[in-house]
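# Here is my input, please return the structure:
(chains A, B and C)
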Amino acid sequence: MSFWSGVWDWFTSASSWEGNAGAIHRLGEHVAMSGASVLVAAAIALPLGIWLGHTGRGGTIAINASNVGRAIPSFAILVIAAQLWGIGWKPAFIALVSLAVPPMVTNAYVGLREVDADVRESARGMGMTGAQSLWRVELPVALPVVLAGVRTAAVQVVATATLAALVAWGGLGRFIVDGTAQRDFVQVFAGAVLVAALAIVTELALAGLQRLIVPAPLRRRDKERDKPFTGLAADPQPG
Amino acid sequence: MRWDWVTTHLDDIGSATREHVVFTVVATLIGLAISFPLALAARRWRWLATPVLSTTGILYTIPSLALFGLLTPWTGLSRTTAIIGLVTYTLLILIRNIVTGLDGVAPEVREAATAMGFGPLRRLLRIELPLAAPVIVAGVRIAVVTTIGLVTVTAYIGQGGLGRLILDGLTRDFRTPLVVGSVLSVALAVLADVGLAALQRRLTPWGDHGVRATQADHGVRATQAGG
Amino acid sequence: MLFRQLRTSRLAMPLAALLALALVATACGNDDDDGSGESEAKGSLTIGAFNFTESAVLSEIYAGALREDGYTVTIRPNLGSREVVSPALERGELDLYIGYAATDLEHYNNNAGEATPDARATADKLRSRLGSRGLTALEPSPAVDQNAFAVTKATADRLRLRRLSDLAPVAGQLSLGGPPECPTRPFCAAGLESKYGIRFREFKAVGLGAVANNALERGDVDVTLVLSTDGGARARGFVLLEDDRQLQNADNIIPVMRAPAATDEVRTILNRVSAALTTEELAELNRRVDDDKEDADVVAREWLSENGFGD
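Numbering: from 1, shown residues only, chains lettered A, B, ... in the order given. Have a look, this model is predicted:
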């Protein structure tokens, strides 16, 4: 049996998908873990980044957060978390949240800072309070950049959740880790395809969501491939 | 932490660090050697841009563990496997930055150069590349820092640089090598980042474009350096 | 004016710097390959180790004996499971690994069930299975390290577990821990099911050794695979369930080699080590590495000098 027909059989046979070790269950785990990590990270990072950006405080920290975050290998965070909190979902969750926070803080901060001073001033000129200006003027203007940070973080979390299989958690990484240990490359390949597909779907879904919430006049030409990786911003990172 | 372990294992720590640096530098250089021609081709023949960028984009989404694992039947548990995997992840970053960097050169500048009698190659080397250099170096910077993180994962194919110490810490449930490996890996990344950031600034002698490159939407404006 | 400032030197400089860095780095990298010491080098051998402590200890012991006799030996640590290590041996990336007779036999015969409790017979069969692959196995050691299944004292008392067959009726409520290859291995989960009818509620890939033992202690898993020579598991007072239906076979320690690397001299040295190893000593060496965090090469050197290999 060739590799490719093995892959075909894997994807077409019910036994690959069903049960506690099946792809549907693993996909569910992967999505639940990624979703929960991104939500919790957003609940921490967005208020912080927005507040820093609005007040203009802590610029160096906020701007460099994503960069420092990138420098810390997820593999290392995961293993350290596993030593501190044992195996299972906890180290995975902690590692993924700490992975997702920095890019969101950076983008929220930069998004708010980028709002034109004239826009800010005219909001004040119209008699808005600081909070009103933030809520009704600055945030809508900053939204595309803030959401871009969430999107990047989410895609990164989906890709990195794979590593959690190394510390005995489930998710799609199981196919990759178990397949390697059992020399079952069909399983490894299938796992990789599922993770890559999930990352792409996440990217597209969040891009769609962004289009829904960002008011039309504020949408920017948003063609991914025209963007360079900038070093201080939230660029995607492989998992 | 057991500091006595650190003092008795300085050799191991040193060789692991060295291996980590070698992997990073070699992967980045090979990545550049592949990315430059591809990026130039994608600019010369615009229809190539989409396949080149989407292929490298898809490669970029493959989980690293799987990529390294899937390469082993061909290239074994070897340095080659590690390098191939690491290079793969640099391609999207480097190609995208080279293309956008060169695209950011203002048309007037290009026209002026042509008017001054520069041929295409000379224009590229003398005008376009230097003007695009900050964006390209920004890409190198990201590629290097990303690679430093990914080298740790190659411990699973018997390589790993500092990742070997992390894996040893995991296998034996021994925190000292784990912390040493992680801290040094972060230190390497920060060092490389700071160094390349300084280089990036030196290459941007005109005004505040270095600051613009910090814009979080990696916005198109960042590419207009030299306009 | 701008153009004059930005001559190619601006780009040449960073590239030159990168290149210089690479050259320095690779130059440094090269002396890695020289190996360490031994001027009267006879030849060089590469040993691959599995990703658990005992494999590191055994690799260091056999490597130490070879080095005493003037060989240059490289150990590739923590490579993974046998499913990862044996293809590397066949590809020639490794010259040998220190295996386990029964488990290796069932690996190379695709679980044909040929392994028996007789070490010599199992080793002979293994050797005949290896021949066609250009591999061979040396003499089995009297030291044995079988797979065993451990529970905490509390679990054993609560569920009245003494033997593996006691697990069958209650396994549906319990989770099993082990390395990721366990579910497909005949001496692990797959064998528990076929020989004992034991089906666990779930399997968790906690690995083998310190992490797995912690997981058992914390209650993250209810039963876990341990090696019978795992000194750490013994020290923690785990109960090792008796293998009352003989699932485990002659897992005596045995070097598995590429045939061309197995010269008479190498065979003699390695067989002498195998003959001197005992199960009890091995368990103690493992414990020192796992629990006392001593280095595998340090405890190996001690064992070698105590057993008359070199100084």
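# in a strand, that's where C:L45 is, yeah?
Yes - in this structure, C:L45 lies within a strand as judged by DSSP: H, G, I helix; E, B strand; the rest coil.
# Now it: closest residue in space, sequence neighbours ignored.
Spatially, and ignoring its direct neighbours in sequence, C:L45 is nearest to C:D95 (4.5 Å; CB to CB, 6 or more residues apart in numbering or on different chains). In this view, the C-beta of every residue, glycine as well, is placed from N, C-alpha and C.
# so how far is chain A from that neighbour?
The span separating C:D95 from chain A equals 20 Å under the rule CB to the nearest CB, to the nearest Å.
# near chain B at all, the lowest-mean-pLDDT helix or strand in chain A?
Per-element confidence for chain A was summarised using mean pLDDT, DSSP states H and E. The lowest value among helices and strands belongs to helix A:59-71, with a mean of 79. Yes - among the residues of helix A:59-71, A:I63, A:N67, A:V68, A:R70, A:A71 lie within reach of chain B under CB under 8 Å from any CB of the partner chain.
# packing partners for the longest helix anywhere in chain A?
Longest among the helix segments of chain A by residue count, using DSSP state H, is helix A:23-55. Under the contact definition 3 or more CB pairs under 8 Å, 6 or more residues apart in numbering or on different chains; DSSP states H and E, helix A:23-55 sits against helix A:14-17, helix A:59-71, helix A:89-113, helix A:139-160, helix A:173-181, helix A:185-213.
# picking up where we left off before, state the next helix or strand along the chain beyond the least confident helix or strand of chain A.
Scanning forward in sequence from helix A:59-71 by DSSP states H and E, the next helix or strand is helix A:74-85.
# Now for the most centrally placed residue in chain B: which residues touch it?
If you average the C-alpha coordinates of chain B and look for the closest C-alpha using CA atoms, centre = their mean, you land on B:A143, 1.7 Å from that point. Contact analysis of B:A143 by CB atoms under 8 Å, 6 or more residues apart in numbering or on different chains lists A:F229, B:T28, B:G31, B:Y89, B:T90, B:I93, B:L94.
# The fifth one is in contact with B:A27, isn't it?
So the one you mean is B:T90. Yes - checked against CB atoms under 8 Å, the pair B:T90 and B:A27 is within contact range at 6.3 Å.
# one step back: quick check, nearest of the contacts of B:A143 to C:G237?
B:Y89 (46.2 Å; CB to CB).
# and the closest one, what element?
With elements taken from DSSP H and E, the one containing B:Y89 is helix B:79-103.
# in the next helix or strand after that helix, what counts as buried?
Beyond helix B:79-103 on the C-terminal side, the first helix or strand identified by DSSP H and E is helix B:107-115. Of the residues in helix B:107-115, B:V109, B:R110, B:A113 count as buried by neighbour count, 16 or more other CB atoms under 10 Å in any protein chain shown.
# tilt between helix B:107-115 and helix B:79-103?
For the pair helix B:107-115 and helix B:79-103, the angle between their directions (axes from the mean of the first three to the mean of the last three CA atoms, to 10 degrees) equals 90 degrees.
# Just confirm A:P73 contacts B:S182, I think it does.
Yes - using CB under 8 Å, A:P73 makes contact with B:S182 at a distance of 7.0 Å.
# Need the residues touching each of those two.
By CB under 8 Å, 6+ apart, A:P73 and B:S182 have these common neighbours: B:I166.
# Give me the below-cutoff pLDDT ranges for chain C.
Counting by pLDDT under 70, chain C has low-confidence residues at C:1-41, C:311.
# quick one, strands of it?
Taking DSSP state E to define them, one finds strands in chain C at C:44-48, C:72-76, C:96-100, C:135-137, C:147-151, C:175-178, C:202-205, C:223-227, C:239-240, C:253-258.
# The first one pairs with which strands?
Using DSSP bridges, strand C:44-48 pairs in its sheet with strand C:72-76 (parallel), strand C:96-100 (parallel).
# Distance from the chain centre to the longest helix seen in chain B, please.
Counting residues, the longest helix found in chain B (DSSP H) is helix B:10-44. Averaged C-alpha coordinates place helix B:10-44 at 7 Å from its chain's average position (CA atoms, centre = their mean, to the nearest Å).
# by how many degrees do the helix or strand just after it and helix A:185-213 diverge?
Remark: after helix B:10-44, the chain's next helix or strand is helix B:49-61, criterion DSSP H and E. Between helix B:49-61 and helix A:185-213, the angle formed by their directions is 120 degrees, by the same axes, to 10 degrees.
# Spatially, what comes nearest to the residue in chain B that chain C sits nearest to if we skip its sequence neighbours?
Using CB to the nearest CB, the point where chain B gets nearest to chain C is B:D173, with a distance of 3.4 Å. Take B:D173 and drop its neighbours on the chain: the residue closest to it by CB to CB, 6+ apart is C:A210, 3.4 Å away.
# what's the answer for A:G86, then?
Nearest residue to A:G86 in three dimensions, chain neighbours excluded: C:R218, at 5.2 Å (CB to CB, 6+ apart).
# just C:F50 next, same as before
Across the structure, with CB to CB, 6+ apart as the measure, the residue nearest C:F50 apart from its sequence neighbours is C:V85 (6.1 Å).
# Now for that neighbour: which residues touch it?
Residues in contact with C:V85, defined by CB under 8 Å, 6+ apart, are C:G48, C:A49, C:F50, C:L79, C:L94, C:Y97.
# do A:V188 as well
Residues touching A:V188, when contacts are defined by CB under 8 Å, 6+ apart, comprise A:F175, A:I176, A:G179, A:T180, B:A66, B:G69, B:L70.
# And the second one, how far from A:A196?
Relative to A:A196, A:I176 is positioned 11 Å away (criterion: CB to CB, to the nearest Å).
# These two - which one has more neighbours?
A:I176 (31 against 21; other CB atoms under 10 Å in any protein chain shown).
# re earlier: what subset of the buried residues of helix B:107-115 is also close to chain C?
For chain C, the contacts drawn from the buried residues of helix B:107-115 by CB under 8 Å from any CB are B:A113.
# can you redo the buried residues of helix B:107-115 as CSV with pLDDT?
Output for these, formatted as CSV (pLDDT from 0 to 100):
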residue, pLDDT
B:V109, 91
B:R110, 90
B:A113, 92
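# Going by distance to C:D243, which of the buried residues of helix B:107-115 wins?
Distance to C:D243 across those (CB to CB) is lowest for B:R110, with 77.9 Å.
# In which helix or strand does B:V145 reside?
In this structure, B:V145 sits in helix B:129-151 according to DSSP H and E.
# what's the overlap in contacts for B:T90 and B:A27?
Looking at what touches both B:T90 and B:A27 (by CB under 8 Å, 6+ apart), the common residues are B:T147.
# Looking at those two, which is more packed in?
More crowded of B:T90 and B:A27, by other CB under 10 Å: B:T90, with 29 against 26.
# Go through stretch C:276-284 and flag the buried ones.
If you call a residue buried by 16+ other CB under 10 Å, then stretch C:276-284 has these buried ones: C:A276, C:L277, C:T279, C:E281, C:L282, C:A283.
# Which members of the residues you listed are the farthest-apart pair?
For those, the maximum inter-member distance is 15.4 Å, found between C:A276 and C:A283 (CB to CB).
# residue contacts, residue 98?
No chain was given, so I picked chain A. Counting by CB under 8 Å, 6+ apart, A:S98 makes contact with A:G69, A:I77.
# ah, no, chain C please
C:I47, C:A49, C:S55, C:L58, C:S59, C:Y62, C:I253, C:I254, C:P255, C:V256.
# Quick check: closest non-adjacent residue to it.
C:L58 (4.2 Å).
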